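Q: Compute the structure for the input listed below.
(chains A and B)
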Amino acid sequence: MTRVDDFDAALHAHTASAHYCAGGTTLIDLMRQDVERPERVVAINRLPLTAIDDAPDGGLVIGALATNSDVANDPRVRAEYRVLSEAILSGATTQIRNMATTGGNLLQRTRCIYFRDSHSACNKRDPGSGCPAITSYNRNLAVLGTSEHCIATNPSDQNVALMALGATIDVRSVSASRTILIDQFYHLPGDTPQRETSLEPGELIVAVTLPSMPGWRSHYLKLRDRQSYEFALASAAVAVRLNGATIADVRIALGGVGTIPWRAPEAEAALRGKAVSREAFRAAAEIALRDARPQSENGFKIELAKRCLTQALIEVTA
Amino acid sequence: MSVGTPIDRIEGRLKVTGAAAYASDRILENMLYGVPVGSTIAAGRVLEVDADAALAVPGVVAVYDHTNFGTLHSHGSSSLRTGIVDEHRAPLSGDDVQYYGHYVALVVARTLESATEGAALVRVTYAPDAVHNAPIRSDEGGRSVGSHRGNPDAAFAASAIKVDQTYRTPVETHNPIELHATVAAWEGDTVTLYETSQAVVNHKLVLAQMLGVSLDNVRVITRYLGSGFGGKLWPWPQSPLAAEAARRLGQPVKIVVTREQMFMNVGHRPQTVQRVRLSAEPDGRLASLQHDYTNHTNMLDDYDENCGEATTYFYSVPNLRLTSGLAKRNVGSPTSMRGPGAVPGLFATESALDELAVALNMDPLALRLRNVPQRDEGLDIPFTSCHVAECYELGAKKFGWEQRTAAVGSMRRDGMILGWGMAGCSWIADRLDCEVRVELHDGSAHVFCATQDIGTGTYTMLAQIASDALGIAVRHITVSLGDSSLPPGPMSGGSMATASVIPATIDACKDALHKRESAASQEAAVGYGRSNRTFGQDKPEKSSHSFGAHFIEVTWQPEIARLRVRRVVSVIDGGKIINPKTARNQIEGAIVFGVGMALFEETRYDLQTAAPLNRNFADYVVASNADHPAMDVTFLDYPDYDLNPLGARGVGEIGLAGIAPAITSAVYHATGVRVRDLPVSIEALIASAQ
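A: Predicted coordinates for the structure are as follows:
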């Protein structure tokens, strides 16, 4: 464990088999389960990345080390980006949210049981070893964006909301800084399920920026077995700008059903210019799930996600 | 009088301030830490255990496997016949692997971290065998007939109104918050075991035999328990592992079972499959009842879930047959879980009654009242005290049952569909052997018994009983429990501890008072009391049980497939209630337990490897605080004087029985979906009409 105080030290401490560690709510668990065995852990908690600031051109810049609790309870987030506050508060527990960070959550790993069992085969953890989930326990796994090599779900709530808000991610490396649109941040598993994001080795997430969204309202709806402390079976993050009873613009993302936080651009296109109605929303939900592929146990998630999205749109436009 | 008043737990302050020392809180001088290594196959043999890398970890002092651990005695061998243990084969006593996670090695180190690292580095080579893990069937195993009366086949065939359905309950893992733990310390040839045990006297008996030492050389201590739910009734392998390692190394050894290991090595409620056939007269009177169940068990063990526990006496029916069978599988040994037998059994029979009510177009409450038994028809003897009809009637009144409309989906509130369901419940009431010692000083007293307080209020209840018997305020009474060196007391199981300790405590108090009167000096008078078991009699003259009824409201939102349990009214006929506060805690806890059983809990096993998959608290879903319904619990409080002088029974398990079928009854009323396989899942409900 290397603890660093500034960016230079952080970026230079990082080696090919090192991991940055902020709240540790994912990484430490995985190390204890023998899933992650980094040669070096670079503890970045002391970096000055906890602020939530107004962006110069409107919008909000959230430091990568701002905790989930701080973001969810920030008055600007609650007022202007309600979907993000609701999404974060629907996940985990208060104790975990007090530790987990914005940047860390962007990299949250799947809850697929086989990924987390180091004695089991898993193409994501051990490329080429196989995927037992496809033929066994897959109730909580994905129906969108899957491949024959991996059907693991992205478990995050936060990232579904960020997807619906069109957030951008600022990263820094020893040599450069760059900004990545969240739509381009996550990789589908394809035949390289071990590659989950477009982060390059050594790159450090420093901030997430939310665009200015005057006139928009947003909402997160999460469905699961019990009422608290459980990952989504299906969730929907929706943001909408209304012109009277007409949908001027809309952004939709789904959680719990995709291998990545799942944006639904065709469903959005189908709704633009339409009048607010349950029928229009259900039709959009049908489009959003059009390409869904059920596994042996999780076919119900397709219908569940449709109902979830329909209801989220009803509630956000009510 | 203190008995009958809702006083706070006398040890409550110790618990909320962290001063109460649980087993794993014990840190002894020179103590070592053991971490067992579990197999990664479910069936086969261990060919080789390579400990080199583990032994190279700084702090690791020993790695044991079946080749270098000596011989612990297994249950059923010539030297171990008495006492109860569910996993009969002693740990590391052979090269065979019977289930996934079966301990194949033990790493002992100076720190927990070293032992954990060492355990991860032990390399085990296996010769795997084919895994037996096929789904179980209701007609599987050698069938044994548990009870028979009349001619159920003929009655069933002759009836026009019948139900013939099969119900399934999954594996449930107990998951008390306190992890199972053992701290073993030898002094000469005597071992003290700090344990997580619901039965220290039995634990001592079993461990003495496993270790090959005399009974006098084992002492078992469980001062406090962070719940057990039956999962801590009998010894599990970490206990002899710690004791034997401590003996070999000459230092105390602590083993704390991990949450993950809890899903493999310390028992579970087995899966059951139960076929129920009912037939009835047009007026609802039962004509026949047939109940055929199978539960799984370990390849080497023979655990019977006893699903017919309540079947034979809970209904008035002239023709009845109960049969059972065991299905051997590569799975850890099952064990008692809160309300063993009756809880899954009543899910099946009470569900079938709900289906019969639909078939008869009859109110399910009216059907229950029509079939209330007047005596135990299974044994053909009277009940000591049975007020189940009053439970039904009072519960219905408190719930507002008369406003129920029978049609599916016909009731609504706040835009949600309401489902109202109900079920009855029952559980045995009996007494076990018990001895108590009371030391009476001037104005204060000290009560001693080996029985345990597993979080349910036994300390407090004993203080209340002694207070009344001695005429001394509760605050001047000290209670010592949970130590096998004290006068032998009962297990904290079967809801029998309360009924068992009452006669012995009262007698000990009387004896102490008598001795002080006759004694010349002012020294403490020591009184003894002893009472005998009623449980397990060959030919009992009366049948003693607790009874109850649950009424449950669920809400159903088909637009988001969301089902929630909102409201539960429970009326319990549990004899005289010693402490209404701790008793209500038991019923309320059991209701929440039942919400988990009905809606969430299922230990899932991999179809190929037979490994329990969701072996953590994120993936094994139990009810959270947010899932608690509003609860209204009433005790009828009729004393059952056949059981003891105060007329108390026990209330630890009765509250769970009947909750799951009451919930699925409400689910049917709301959704029209009849769930016969627990838990009720979103996937089962989502198919119902929007």
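Q: only C-alpha atoms for contact and neighbour calcs from this point on.
A: Noted.
Q: mind checking the longest helix of chain A?
A: Across chain A, the longest stretch assigned as helix under DSSP state H is helix A:300-317.
Q: need the strands for the stretch 151-300 of chain B, in chain order.
A: Shown for the stretch 151-300 of chain B, the strands assigned by DSSP state E, counting those that start in this stretch span residues B:161-169, B:181-187, B:190-195, B:218-221, B:253-256, B:272-280, B:286-298.
Q: tell me, what residue is most central in chain A?
A: To find the centre residue of chain A, average its C-alpha atoms and take the closest one (CA atoms, centre = their mean): that gives A:N159, at 2.4 Å.
Q: Report the beta-bridge partner residues of A:R251.
A: For A:R251, the beta-bridge assignment (DSSP bridges) gives partners A:A239.
Q: separation between it and chain B?
A: As judged by CA to the nearest CA, to the nearest Å, A:R251 and chain B stand 20 Å apart.
Q: all helices in the stretch 51-200 of chain A, in order from the N-terminus.
A: When assigned using DSSP state H, counting those that start in this stretch, the helices of the stretch 51-200 of chain A occupy the ranges A:68-73, A:75-80, A:82-89, A:94-99, A:102-106, A:158-165.
Q: Is the fourth one in proximity to chain B?
A: In this case it means helix A:94-99. No - judged by CA under 8 Å from any CA of the partner chain, helix A:94-99 stays clear of chain B, getting no closer than 12.6 Å.
Q: which other residues reach that helix?
A: The contact list for helix A:94-99 (CA atoms under 8 Å, 6 or more residues apart in numbering or on different chains) reads A:23-25, A:67-70, A:88.
Q: out of those residues, which is most surrounded?
A: Neighbour counts for those were taken using other CA atoms under 10 Å in any protein chain shown; the highest belongs to A:N68, with 27 neighbours.
Q: right, and it touches A:G103 too?
A: No - A:N68 lies out of contact with A:G103 (CA atoms under 8 Å); the separation is 9.6 Å.
Q: Point out the residues in chain B that sit beside chain A.
A: Counting by CA under 8 Å from any CA, chain B sits next to chain A at B:40, B:559-562, B:599-600, B:606-608, B:613-614, B:618, B:621, B:623-624, B:626-627, B:681-683, B:686.
Q: try it again with 6 Å
A: Those residues of chain B that sit near chain A, judged by CA under 6 Å from any CA of the partner chain, are B:560, B:626-627, B:683.
Q: And the closest residue to B:A473 other than its chain neighbours, how far from B:H446?
A: In space, not counting the residues next to it along the chain, B:A473 is nearest to B:S467; the distance is 5.6 Å by CA to CA, 6 or more residues apart in numbering or on different chains. In this structure, B:S467 lies at 11 Å from B:H446, with CA to CA, to the nearest Å as the measure.
Q: more neighbours, the two?
A: Regarding B:S467 and B:H446, a neighbour count based on other CA under 10 Å identifies B:S467 as having more, with 23 against 17.
Q: can I have the host helix or strand of the more buried one written out in PDB, keeping just the CAs?
A: When elements are assigned from DSSP states H and E, B:S467 belongs to helix B:458-470. Taking Å, rounded to 0.1, in the frame of the first residue of the first chain, the C-alpha atoms of helix B:458-470 are listed here in PDB:
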ATOM      1  CA  THR B 458     -33.700 -16.500  29.600                       C
ATOM      2  CA  TYR B 459     -31.600 -14.500  32.100                       C
ATOM      3  CA  THR B 460     -34.400 -12.100  32.700                       C
ATOM      4  CA  MET B 461     -37.100 -14.700  32.900                       C
ATOM      5  CA  LEU B 462     -35.200 -16.800  35.500                       C
ATOM      6  CA  ALA B 463     -34.700 -13.600  37.600                       C
ATOM      7  CA  GLN B 464     -38.500 -12.900  37.400                       C
ATOM      8  CA  ILE B 465     -39.400 -16.500  38.400                       C
ATOM      9  CA  ALA B 466     -36.900 -16.500  41.300                       C
ATOM     10  CA  SER B 467     -38.100 -13.000  42.300                       C
ATOM     11  CA  ASP B 468     -41.600 -14.200  42.800                       C
ATOM     12  CA  ALA B 469     -40.600 -17.500  44.500                       C
ATOM     13  CA  LEU B 470     -38.200 -15.800  46.900                       C
END
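Q: The residue of the stretch 51-200 of chain B found nearest chain A: which element?
A: Closest residue of the stretch 51-200 of chain B to chain A, CA to the nearest CA: B:A120 (8.2 Å). Here B:A120 sits within helix B:112-121, counting by DSSP H and E.
Q: ditto for A:M31
A: Going by DSSP H and E, A:M31 is in helix A:27-32.
Q: buried sites along that helix?
A: Across helix A:27-32, burial judged by 16 or more other CA atoms under 10 Å in any protein chain shown covers A:27, A:30.
Q: Not counting its neighbours along the chain, what's nearest B:V122?
A: Spatial nearest neighbour of B:V122, chain neighbours left out: B:A51 (5.2 Å); criterion: CA to CA, 6+ apart.
Q: What's the local residue count around that neighbour?
A: Other residues near B:A51 come to 20 when the count uses other CA under 10 Å.
Q: wait, it sits on B:V124?
A: No - using CA atoms under 6 Å, B:A51 is not in contact with B:V124, being 8.6 Å away.
Q: what's near enough to touch B:G493?
A: Under the criterion of CA atoms under 6 Å, 6 or more residues apart in numbering or on different chains, B:G493 has no neighbours.
Q: what kind of secondary structure is it in?
A: Counting by DSSP: H, G, I helix; E, B strand; the rest coil, the backbone at B:G493 sits in coil.
Q: And it, how far from B:G228?
A: Using CA to CA, one gets 9 Å for the distance from B:G493 to B:G228.
Q: Show me the domain layout of the chain.
A: I went with chain A, as the question did not name one. With domains defined by automatic domain parsing, chain A comprises A:2-210, A:216-317.
Q: that answer is for a different chain, and I need it for chain B
A: Segmentation of chain B into domains, based on automatic domain parsing, reads B:23-130+B:178-226+B:232-265, B:334-429+B:543-685, B:431-531.
Q: Average pLDDT for the shortest one, rounded please.
A: Meaning domain B:431-531. Model confidence over domain B:431-531, given as mean pLDDT, is 95.
Q: before we move on, back to that, can you list contacts of the helix holding B:S467?
A: Outside helix B:458-470, the residues that touch it by CA under 6 Å, 6+ apart are B:1-3, B:9-10, B:473-474, B:477.
Q: swap in stretch B:63-75?
A: B:88-90, B:92-94, B:105-107, B:210-211.
Q: Is there contact, residue-wise, from the helix holding A:M31 to chain B?
A: No - against chain B, helix A:27-32 shows no contacts by CA under 6 Å from any CA, the least distance being 9.6 Å.
Q: next structured bit after that helix?
A: Going down the chain from helix A:27-32, the next helix or strand is strand A:40-43, by DSSP H and E.
Q: Ranking the domains of chain A by mean neighbour count, which comes first?
A: Using mean count of other CA atoms under 10 Å in any protein chain shown, the stretch among the domains of chain A with the largest mean neighbour count is domain A:216-317, at a mean of 21.
Q: What separates the first and last residues of that one, distance-wise?
A: One end of domain A:216-317 to the other measures 10 Å (CA to CA).
Q: if we can go back for a sec, want to throw the residues of chain B next to chain A into TSV with distance to A:A280?
A: Supplementary listing: the residues of chain B next to chain A in TSV, determined by distance: CA to CA, whole Å:
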residue	distance to A:A280
B:I560	17
B:A626	33
B:D627	33
B:E683	25
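Q: looking at this, B:P661 is in a strand?
A: No - residue state for B:P661 (three-state DSSP) corresponds to helix; a strand is not indicated.
Q: show me the contacts for B:A342.
A: Contacts of B:A342 by CA under 6 Å, 6+ apart are B:307, B:309-310.
Q: Who wins on neighbours among those residues?
A: Most neighbours among the contacts of B:A342, by other CA under 10 Å: B:C307, with 29 neighbours.
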